[in-house]
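Student: All I have is the shape, not the residue letters:
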């Protein structure tokens with residue numbers, strides 16, 4: 001056999017060995033998969049009572065209770081376990097039954113907004129930090145003084161005044177778990193689903209404590225209860241009652257703080273506004289002259305300005321919310337881009353204000369930027 005034939009034979013042998021190993025690995029994978037498929041499904045049951053270190057009582061979906069041996073020392077009442085269908089032997093402890101929809105409400109990363117991004121709300125920020133941050137970062141001070149820390153804060157005010165922005169800044173500033181939702185997300189189609197979501201939401205917050213729970217547009221689920229309510233309203237009321245119980249019930253956790261926001265405080269149920277549920281009700285109104293000036297400076301700090309006096313602009317523009325001011329600054333920058341300029345002039349703000357007023361507030365005369 002020549003050298004070339006010998007080399008070719010060795011290459012064929014090496015290729016055959018590699019193919020053999022690949023097929024062996026594939027065979028092992030398929031065998032493991034078959035073994036998993038051959039395992040009979042487990043029956044879900046709930047641990048209803050701990051008898052002693054060796055036995056527990058489980059409740060099965062059929063409604064029957066059984067006394068079975070406990071192979072796990074960490075079992076506690078309320079745990080969900082998988083049991084063998086024939087022997088009812090506990091095989092596995094399942095993780096907490098938290099709805100994926102609820103679990104998705106936890107913020108994985110912090111928002112970029114900070115307290116420095118909020119203008120004209122210094123007193124409100126100070127109150128928020130005292131009520132929300134201080135009990136989470138220094139709870140011992142409340143024990144020394146002998147008082148319970150505030151439970152929650154309700155922010156009320158017109159749209160665009162910075163209520164949600166405050167909550168985002170709190171999420172950025174605190175190391176606590178931040179969970180956010182909109183009140184309408186708790187309104188469900190089927191009876192009992194909304195209340196279940198509320199229970200799991202607070203259960204998640206207690207599990208992740210210290211935690212901050214932010215409920216935006218809380219009026220969607222906490223409107224006043226009336227006697228002549230329809231069937232659909234009764235389900236909303238059930239959800240509200242569960243929310244009331246979780247906020248000030250038997251399982252109150254001082255390491256869970258609640259922030260809620262609404263622009264319709266007039267329709268909220270009185271039960272949710274009492275102390276113990278919301279200990280601070282803060283009015284977030286339109287900014288004053290200094291506040292408007294601060295907001296203009298925040299939204300123009302990265303803009304190249306030329307011949308622009310922000311204090312004078314703020315003095316001449318009244319009844320503007322923070323969202324209004326941000327929109328005017330954005331439109332002023334767009335005016336400069338349309339004119340193919342690399343600087344923003346005072347005329348850009350003048351035109352942006354007039355355009356914004358014409359678009360959003362029709363019927364109101366456009367006041368000049370400069371007197």
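Tutor: Right, received. Where do you want to start? Everything numeric in this text was worked out from a predicted model, so none of it was measured. Residues are numbered from 1 along each chain as shown.

Student: can you pull the contacts of residue 265?
Tutor: 154, 156, 219, 273, 281 (C-beta atoms under 8 Å, 6 or more residues apart in numbering). From N, CA and C alone the C-beta is placed, and that goes for glycine too.

Student: Which of the three states applies to the last one?
Tutor: It refers to residue 281. For residue 281, the secondary structure call by DSSP: H, G, I helix; E, B strand; the rest coil comes out as strand.

Student: Residues in a beta bridge with it, which ones?
Tutor: residue 154 (DSSP bridges).

Student: How many residues are close by it?
Tutor: Neighbourhood size, residue 281 [other C-beta atoms under 10 Å]: 15.

Student: State whether it and residue 150 are indeed in contact, as I suppose.
Tutor: No: using C-beta atoms under 8 Å, residue 281 makes no contact with residue 150, being 11.3 Å away.

Student: a markdown table please, covering the contacts of residue 265 and showing pLDDT and distance to residue 265.
Tutor: As requested, the contacts of residue 265 are arranged in a markdown table below (pLDDT from 0 to 100; distance: C-beta to C-beta, whole Å):
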| residue | pLDDT | distance to residue 265 |
| --- | --- | --- |
| 154 | 91 | 8 |
| 156 | 90 | 4 |
| 219 | 87 | 8 |
| 273 | 86 | 8 |
| 281 | 89 | 8 |
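
Student: can you name the two of those that are farthest apart?
Tutor: Pairwise distances among those were taken by C-beta to C-beta; the largest, 13.4 Å, belongs to 219 and 281.

Student: Look up the closest residue to residue 47, ignoring the ones flanking it.
Tutor: Counting by C-beta to C-beta, 6 or more residues apart in numbering, residue 79 is the residue found nearest to residue 47 once chain neighbours are left out, at 4.6 Å.

Student: and the one you found, what does it touch?
Tutor: Applying C-beta under 8 Å, 6+ apart, the residues contacting residue 79 are 46-47, 93-94.

Student: Highest neighbour count among these?
Tutor: Busiest of those [other C-beta under 10 Å] is residue 47, holding 21 neighbours.

Student: Contacts for the one helix or strand that residue maps to, please.
Tutor: Using DSSP states H and E, the element containing residue 47 is strand 43-50. With contacts defined as C-beta under 8 Å, 6+ apart, strand 43-50 is touched by 56-61, 65, 70, 75-85, 88, 94.

Student: So residue 113 versus residue 61, what's the distance?
Tutor: Note on residue 113: its distance to residue 61, by C-beta to C-beta, to the nearest Å, is 46 Å.

Student: Have a look at the two and say which one is more surrounded.
Tutor: Neighbour count, other C-beta under 10 Å: between residue 113 and residue 61, residue 113 has more, with 19 against 9.

Student: For stretch 256-274, list every residue counted as buried.
Tutor: Along stretch 256-274, these residues count as buried under the neighbour rule (16 or more other C-beta atoms under 10 Å): 256-263, 268-269, 271-272.

Student: how does this protein divide up, domain by domain?
Tutor: 1-39, 44-93, 102-283, 289-360 (automatic domain parsing).

Student: low-scoring pLDDT stretches of this structure, where are they?
Tutor: Scanning the chain for pLDDT under 70 picks out the ranges 1, 37-39, 96-104, 106-109, 189-190, 227-232, 249-253, 358-371.

Student: mind listing what's buried in the longest helix anywhere in the chain?
Tutor: Longest among the helix segments of the chain by residue count, using DSSP state H, is helix 3-38. The neighbour-count check on helix 3-38 (16+ other C-beta under 10 Å) flags nothing as buried.

Student: Over to stretch 316-328?
Tutor: So for stretch 316-328, counting by 16+ other C-beta under 10 Å, buried means 316-317, 320-322, 324-328.

Student: Do I have it right that residue 326 meets residue 299?
Tutor: Yes: the pair formed by residue 326 and residue 299 meets the contact definition of C-beta under 8 Å, at 5.1 Å.

Student: Centre of the chain to the strand or helix carrying residue 314, how far?
Tutor: For residue 314, the enclosing helix or strand under DSSP H and E is helix 310-316. Centroid separation between helix 310-316 and its chain, computed with C-alpha atoms, centre = their mean, to the nearest Å, is 36 Å.

Student: Understood, closing this out.
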